[in-house]
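J.: Need coordinates for the below:
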Amino acid sequence: MIASIIQAVALFAVTNIDDIIVLALFFARGAKHRGTTRTILLGQYLGFLGILIIAAVASYGAITLLPAEAIPYFGLIPLALGIKAGWDSIRGNDDDETGEGKGVTLPTVAAVTFANGGDNIGVYVPVFVSNTLPVVAVYCVVFLILVTVLVLLARFIATRPGIGEWLERSDRYVFPLVLIALGVVILVRGHAFGI
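T.: Next up, the predicted model:
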């Protein structure tokens, strides 16, 4: 049991460390809005639950939900969100007239988390297949606990003096660029569209 917990922590860290940057940007975008932490936490949980469900279903072959070739196309989600955020920034639609930040939405956080989980699914499926159901349950519980830790770590980073201010100032440019880059990386790594 202890070995499974340690392995689950290591696996989560390796497959989710890149989420810290995206989550920190979400915190910068939602700065000064009430409920930002709750929205990001719930969105992260929704997206991550989708990842776990697909990984579990695929690993046990209960239902062929998606062919493996479809997973890279999840990169279209952050790509589209990044293009929209960039377009809004260029047009001035994201200007904050109240001085209270732009805010984040639960569906956006969930969609970006889910879309960024293609590599997670690819790693979790073989791990789940090679373990018993109780061990897989331990992995899932540890992963779900660590989602909170990941969000709080991103919040900590985003609220450090200097970092938080820089993220807020550069958010209108960095946020779309990170989402677009994330989408392109997911598409290219998965050889979507033959690339």
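
J.: Can you read off the backbone torsions of Gly30?
T.: Main-chain dihedrals, Gly30, degrees, to the nearest 10: phi -100, psi 10.

J.: In this structure it contacts Gly43, no?
T.: No - assessed by CB atoms under 8 Å, Gly30 is found out of contact with Gly43, at 10.6 Å. (Each C-beta comes from the backbone N, C-alpha and C, glycine too.)

J.: list residues touching both of the two?
T.: Val104 (CB atoms under 8 Å, 6 or more residues apart in numbering).

J.: Kindly provide the distance from the most centrally placed residue in the chain to Val147.
T.: The centroid of the chain falls nearest to Thr113 when counting by CA atoms, centre = their mean (2.5 Å). Counting by CB to CB, to the nearest Å, the gap from Thr113 to Val147 is 9 Å.

J.: Mind listing the shared neighbours of those two?
T.: Common neighbours of Thr113 and Val147 (CB under 8 Å, 6+ apart) are Gln44, Phe48.

J.: for the worst-scoring helix or strand of the chain on mean pLDDT, packing partners?
T.: Lowest on mean pLDDT, DSSP states H and E among the helices and strands of the chain sits helix 163-189, with a mean of 76. Applying 3 or more CB pairs under 8 Å, 6 or more residues apart in numbering; DSSP states H and E, one finds that helix 163-189 contacts helix 19-29, helix 76-91, helix 106-115, helix 118-129, helix 133-158.

J.: Skipping adjacent residues, who's closest to the residue nearest to the centre of the chain in space?
T.: Setting aside the residues directly before and after it, Thr113 is nearest to Gly47 in space (CB to CB, 6 or more residues apart in numbering), at 2.6 Å.

J.: give me the element the one you found is part of.
T.: helix 36-60 (DSSP states H and E).

J.: just checking, what packs against that helix?
T.: Partner elements for helix 36-60 (3+ CB pairs under 8 Å, 6+ apart): helix 19-29, helix 106-115, helix 118-129, helix 133-158.

J.: Export those helices as CSV, with columns for distance to Ile2 and mean pLDDT.
T.: Converted to CSV, the helices and strands packed on helix 36-60 look like this (distance: least, CB to CB, whole Å; pLDDT from 0 to 100):
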stretch, distance to Ile2, mean pLDDT
helix 19-29, 26, 86
helix 106-115, 28, 91
helix 118-129, 17, 78
helix 133-158, 10, 93
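
J.: what's the closest of the ones you listed to Ile6?
T.: Ile6 lies closest to helix 133-158 among these, at 9.2 Å (CB to CB).

J.: before we move on, the earlier item: pull the contacting residues for the residue nearest to the centre of the chain.
T.: Asp19, Gly43, Gln44, Leu46, Gly47, Phe48, Ile51.

J.: Tell me which two in those are the farthest apart.
T.: Greatest spacing in those, by CB to CB: Asp19 and Leu46 (13.8 Å).

J.: The two - which one has more neighbours?
T.: Asp19 (24 against 16; other CB atoms under 10 Å).

J.: The more buried one and Leu150 touch, don't they?
T.: Yes - checked against CB under 8 Å, the pair Asp19 and Leu150 is within contact range at 6.1 Å.
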